[in-house]
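A.B. asks: I would like to see how this sequence folds:
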Amino acid sequence: PYQRLREAYFASTTLIDTHIGRILDTLEETKQIDNTIIILMSDHGEMLGDRHSWGKLSVYDAAYQTPLIIRVPELGDQAGKKIEMISESVDITPTILDWVMQSVPNSMDGRSLIPILHGERPTDWRKYSFSELDFALPTAPTVWEQILGLNTKNGNLSIIREEQFTLVQFAADLPPLLFDHSRQGEMVDVSKAPEYQETLYEMTLRLLRHRMKYTEQTLSETIITSEGAKTQYRIP
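C.D. replies: Below you'll find the model as predicted:
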């Protein structure tokens, strides 16, 4: 059955590839290819049996790494290059708005990828990715809620991924997970090893500060003055 599931998944991928080809052919035929930005992305990955898991309800990298291919007509020599810098799904809308020369609302946390696509390397670019997973349901408890005694309030987790380490912290009173990709990676949780306690502490602080920085901020950049409301553009 595992092989059949994988076959079905790759068949779906082939179908998507075929229809992307149809879209590109139409853009070519209608002479719109040179004034159209094309973005291929996905909302999540797929475990496909890795770690005996399927779907996206996982803490492992395969469920969070997603494809991202962007074609911008004016890239020139940059076209076709692979970029290793960390991007997140929240960067997509700011990228589109930037390309059509529109401002990015303060409510959006991402940053435009257009400068990076043109070969720039911002010195203040993010050094980690941030992910969240809610594995509880309000209608009927999931298997994880039942096994771990959780509910919709604490049935969630946050993940920070850096080049070497991945930290998983739970809202519930559950021990964290720490993976060292320079060693055995996701095969071994090193969160309890004495030599990793400083790393665990530092990454936990990083996670906390990230959550504090990107908490709901609808009015945090706006102040009422004698001349009316003044709003400053928030730097992501």
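A.B. asks: for this protein, what spans make up the strands?
C.D. replies: 38-41, 68-71, 129-134, 156-161, 165-170, 177-180, 222-225, 228-231 (DSSP state E).
A.B. asks: Which stretch among those strands approaches Asn106 most closely?
C.D. replies: strand 228-231 (7.1 Å; C-beta to C-beta). Using the backbone N, CA and C atoms, a C-beta is placed for each residue, glycine as well.
A.B. asks: what's the offset of that closest one from the middle of its chain?
C.D. replies: 33 Å (C-alpha atoms, centre = their mean, to the nearest Å).
A.B. asks: what do you get for stretch 153-160?
C.D. replies: Distance, centroid of stretch 153-160 to centroid of chain: 15 Å (C-alpha atoms, centre = their mean).
A.B. asks: Dump it to CSV, restricted to CA.
C.D. replies: The C-alpha trace of stretch 153-160 is given here as CSV (Å, rounded to 0.1, in the frame of the first residue of the first chain):
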residue,chain,number,x,y,z
LYS,A,153,-5.7,25.6,23.6
ASN,A,154,-2.5,23.7,24.0
GLY,A,155,-2.6,21.3,21.0
ASN,A,156,-0.1,23.3,18.9
LEU,A,157,3.6,23.7,18.5
SER,A,158,6.2,26.1,17.0
ILE,A,159,9.3,25.3,15.1
ILE,A,160,12.5,27.3,14.4
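A.B. asks: What residues sit buried inside that stretch?
C.D. replies: 154-155, 157-160 (16 or more other C-beta atoms under 10 Å).
A.B. asks: which non-adjacent residue is nearest the residue nearest the centre of the chain?
C.D. replies: By C-alpha atoms, centre = their mean, the chain has its centre lying nearest to Glu88, at 3.8 Å. Closest residue in space to Glu88, ignoring its immediate chain neighbours: Ser129 at 5.6 Å, by C-beta to C-beta, 6 or more residues apart in numbering.
A.B. asks: thinking the one you found is in contact with Ile160, fair?
C.D. replies: Yes: the criterion here is C-beta atoms under 8 Å, and Ser129 meets it with Ile160 at 7.4 Å.
A.B. asks: need the helices for this protein, in chain order.
C.D. replies: With helices called from DSSP state H, the chain shows them at 2-29, 92-99, 114-117, 143-148, 197-213.
A.B. asks: can you redo those helices as TSV with mean pLDDT and distance to Thr123?
C.D. replies: Converted to TSV, these look like this (pLDDT from 0 to 100; distance: least, C-beta to C-beta, whole Å):
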stretch	mean pLDDT	distance to Thr123
helix 2-29	94	35
helix 92-99	95	19
helix 114-117	94	12
helix 143-148	92	41
helix 197-213	96	18
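A.B. asks: Let me know which of these is the nearest to Gly185.
C.D. replies: Across those, closest to Gly185 is helix 197-213 (C-beta to C-beta), at 14.5 Å.
A.B. asks: got the angle between the closest one and strand 129-134?
C.D. replies: Helix 197-213 and strand 129-134 are oriented at 80 degrees to each other (axes from the mean of the first three to the mean of the last three C-alpha atoms, to 10 degrees).
A.B. asks: which of the residues in helix 197-213 are buried?
C.D. replies: 199-200, 203-204, 206-207.
A.B. asks: So what touches it?
C.D. replies: Residues from elsewhere that reach helix 197-213 (C-beta atoms under 8 Å, 6 or more residues apart in numbering): 128, 130, 158, 160, 162, 165, 167, 169, 176, 178, 191.
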